[in-house]
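In: can you look at this prediction? I've put the sequence above it.
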Amino acid sequence: MKKRIIGILILILVFLAGMWVYSLWQPQSTMDSTGNKRKILYWVAPMDSNYRRDKPGKSPMGMDLVPVYEDQGMQEKDIIKISPDVVNNLGVKTAKVTPQSLSRIVNTVGYVTVDENNIEHIHTYTDGWIKEQFVKTTGEPVKKGQLLMTLYSPTLNNAQEELLIALKSDNKALIEAGKKKLLTLGMASSQINQLISTRKFTDRVNIFASQDGIVSKLNVREGQYVKPDTELLSIEDLSQIWIVAEVFEYQADWIKNHQAAIATLPYLPGKTWQGMVDYVYPRLDAKTHTLRVRLVFPNPDLTLKPNMYANVKIISKTIKNALAIPKLALIRTGEGDRVILALGKGRFKAQSVQVGIESGEYYQIISGLKADDNVVTSAQFLIDSESNMKAAMGRMESDTTTKSDDAKPVKAEHIGMGTIKAVDEQKHLITIHHQPIPSLGMDEMTMTLPVAKSVSLSSAKAGDSLHFIMIKHKKGYIVTKIHIMNDKSHEMKDKK
């Protein structure tokens, strides 16, 4: 009995030893959800697809290597996989692609000017002398019907006498002719009616304001002799004003009459004026190649004053149910526009898109995305850099190959974030106060680093926030990529 048990144990041990030898001989594999074996091609660093090994281990940044499967290499050729810890450390944020009502908004600056349709120029219709003057300074407010000055005119006096004679004769034709003559000479209807009712002659004719406004010009004084071509004064009604703005040449076709406009003043935050496009001028400025646009705004409280500068938004026709993404999600390069799709479970993919109008903080997407897709809005430039690296490797390799342990690894890239303190374009140096860099065990500090010659520093200036990537170089480190976080292009400048 004991011999039988010992024999069985020996058989079991032989079987287990055989399975162990078999497993060493067989390629590494795992099972998928359907029970099929998945062959592991190699192991790769989560943040550096160039760092590959043929067995599990640690990356230069201290992270666990992740497996790459044979079917994954075929099915997920353009997909980047990043471990959840790295996603969290990078601060990756996403937003859904959603249908929205979008309007193209043109932001510009204009200056307030008088609505030329609301300027009254006051003249006499006959010669004479200013006898009394009741408005004596420019800038003085006046009301419609307010008495401005009186005029003594011999011609008007003679016309009054003719009307009085016609009234005495009760000749209706002469009376009508006399009234028309006085009206033609500029006498007010109220004064003519008073003359008819009282039959009393007046040697002074009243001059009234025909609208509310501000006296902008005052060209006469009491006792001055005037003629019909003498402008006595001008009155500007500021209850409605113009704002004349300029837009760039490429924006010219976006501006149409009657489009809505919003004006704000820098020193009155929160207060807005609603207006519209009144006129688009037909010519561009020969020097600046900008187009003038005239906007009209109600100004009942007279806050907007001529020659003020105002910030203006011109809003085009609304596009309803347009697919939209946040502006932060778009990566603009010389090769086209793209976004980083978040596919879930740490998987990301660079996706080319066709962009429509820009509306506030959003871009319209014409093609390349669908509703409810998730796009990356933070740290997408790092993922895009990794995607470009993977695509380049794919072009270089006709087949997937496995690197051995003794293969020379590529230099590890270290990602940092901080603020620029100084830039020396001549020496190609940059001084950065950076946050801790975990991959180097480096604390927060200020460093002056050389920058790769292929990286442009023209857009970098002191005070800018940035992400940067550096590698080991000689006795120190060199910056190979920078991304100015407030740069509108959202592009990565990198070493070729």
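Out: Cool, the structure landed.
In: state the distance from residue 105 to residue 254.
Out: 9 Å (CB to CB, to the nearest Å). In this view, the C-beta of every residue, glycine as well, is placed from N, C-alpha and C.
In: what is in contact with the two at once?
Out: Common contacts of residue 105 and residue 254, defined by CB atoms under 8 Å, 6 or more residues apart in numbering, comprise 314, 316.
In: burial of residue 95, as a residue count?
Out: Look at residue 95: counted by other CB atoms under 10 Å, it has 18 neighbours.
In: hmm, it is touching residue 329, no?
Out: Yes. Residue 95 lies in contact with residue 329 (CB atoms under 8 Å); the separation is 6.4 Å.
In: please enumerate the shared neighbours of these two.
Out: By CB under 8 Å, 6+ apart, the residues touching both residue 95 and residue 329 are 375, 377.
In: which residues of the stretch 1-150 of the chain fall in helices?
Out: In the stretch 1-150 of the chain, the helices defined using DSSP state H, counting those that start in this stretch lie at 2-25, 70-75, 84-90.
In: which of those has the lowest average pLDDT?
Out: With a mean of 53, helix 70-75 has the lowest mean pLDDT of the helices of the stretch 1-150 of the chain.
In: where in the stretch 101-250 of the chain is pLDDT low?
Out: Scanning the stretch 101-250 of the chain for pLDDT under 70 picks out nothing.
In: what sits opposite the nearest residue to residue 469 once chain neighbours are set aside in the beta ladder?
Out: Closest residue to residue 469 apart from its sequence neighbours, by CB to CB, 6 or more residues apart in numbering: residue 481 at 4.1 Å. Beta-bridge pairing for residue 481 (DSSP bridges): residue 469, residue 494.
In: thought residue 466 was touching residue 481, still the case?
Out: No. Counting by CB under 8 Å, residue 481 stays clear of residue 466, with 10.0 Å between them.
In: tell me which strands the host helix or strand of residue 421 pairs with, and in which orientation.
Out: Using DSSP states H and E, residue 421 sits in strand 413-424. Strand 413-424 has its sheet partners listed here by DSSP bridges as strand 429-434 (antiparallel), strand 465-473 (antiparallel).
In: just the CA trace of the last one, in CSV.
Out: The C-alpha trace of strand 465-473 is given here as CSV (Å, rounded to 0.1, in the frame of the first residue of the first chain):
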residue,chain,number,x,y,z
SER,A,465,3.5,78.3,-17.0
LEU,A,466,4.8,75.3,-18.9
HIS,A,467,5.2,71.5,-19.1
PHE,A,468,8.6,70.3,-20.1
ILE,A,469,10.5,67.0,-20.8
MET,A,470,14.2,66.6,-20.2
ILE,A,471,16.7,63.7,-20.6
LYS,A,472,20.1,62.9,-19.2
HIS,A,473,22.7,64.7,-21.2
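In: so what's residue 238 up against?
Out: Contacts of residue 238 by CB under 8 Å, 6+ apart are 114, 118, 213, 214, 299, 302, 304, 305, 306.
In: how close does it sit to residue 119?
Out: Computed with CB to CB, the distance linking residue 238 and residue 119 is 10 Å.
In: again, but for residue 283
Out: For residue 283, the distance to residue 119 - CB to CB - is 24 Å.
In: what secondary structure does residue 250 sit in?
Out: Counting by DSSP: H, G, I helix; E, B strand; the rest coil, the backbone at residue 250 sits in helix.
In: and it, how many neighbours does it have?
Out: 8.
In: helix, strand, or coil at residue 180?
Out: Using three-state DSSP, the structure places residue 180 in helix.
In: residue 483 - how many residues pack around it?
Out: Residue 483 has 22 nearby residues by other CB under 10 Å.
In: and residue 242, by the same measure?
Out: Residue 242: 24 neighbours (other CB under 10 Å).
In: pLDDT wise, what is the most centrally placed residue in the chain at?
Out: Central residue of the chain (CA atoms, centre = their mean): residue 360, 5.6 Å from the mean position. Looking at residue 360, its pLDDT reads 79.
In: coming back round to it: least reliable of the strands paired with strand 413-424 going by mean pLDDT?
Out: Among those, strand 465-473 carries the lowest mean pLDDT (a mean of 83).
In: before we move on, back to that, who's more crowded, residue 283 and residue 119?
Out: When residue 283 and residue 119 are compared for neighbours, residue 119 comes out ahead with 15 against 7, by other CB under 10 Å.
In: OK, contacts around the nearest residue to the more buried one once chain neighbours are set aside?
Out: Counting by CB to CB, 6+ apart, residue 119 lies nearest to residue 236, which is 5.3 Å off, once chain neighbours are set aside. If a contact means CB under 8 Å, 6+ apart, then residue 236 has 114, 118, 119, 120, 213, 214, 216, 306 as its contacts.
In: okay, now the second one: neighbour count?
Out: Taking other CB under 10 Å as the neighbour definition, residue 118 ends up with a count of 17.
In: just the fourth one next, same as before
Out: Taking other CB under 10 Å as the neighbour definition, residue 120 ends up with a count of 17.
In: tell me which helix or strand the nearest residue to it once chain neighbours are set aside sits in.
Out: Residue nearest to residue 120 in three dimensions, not counting chain neighbours: residue 235, with 4.4 Å by CB to CB, 6+ apart. Element membership of residue 235, judged by DSSP H and E, is strand 233-236.
In: kindly report the same for residue 159.
Out: Assigned by DSSP H and E, residue 159 belongs to helix 154-169.
In: which elements pack onto that helix?
Out: strand 128-133, helix 172-184, helix 189-198 (3 or more CB pairs under 8 Å, 6 or more residues apart in numbering; DSSP states H and E).
In: just to revisit the earlier point, tell me which residues in the strand holding residue 421 are buried?
Out: 413, 414, 415, 416, 417, 418, 419, 420, 423 (16 or more other CB atoms under 10 Å).
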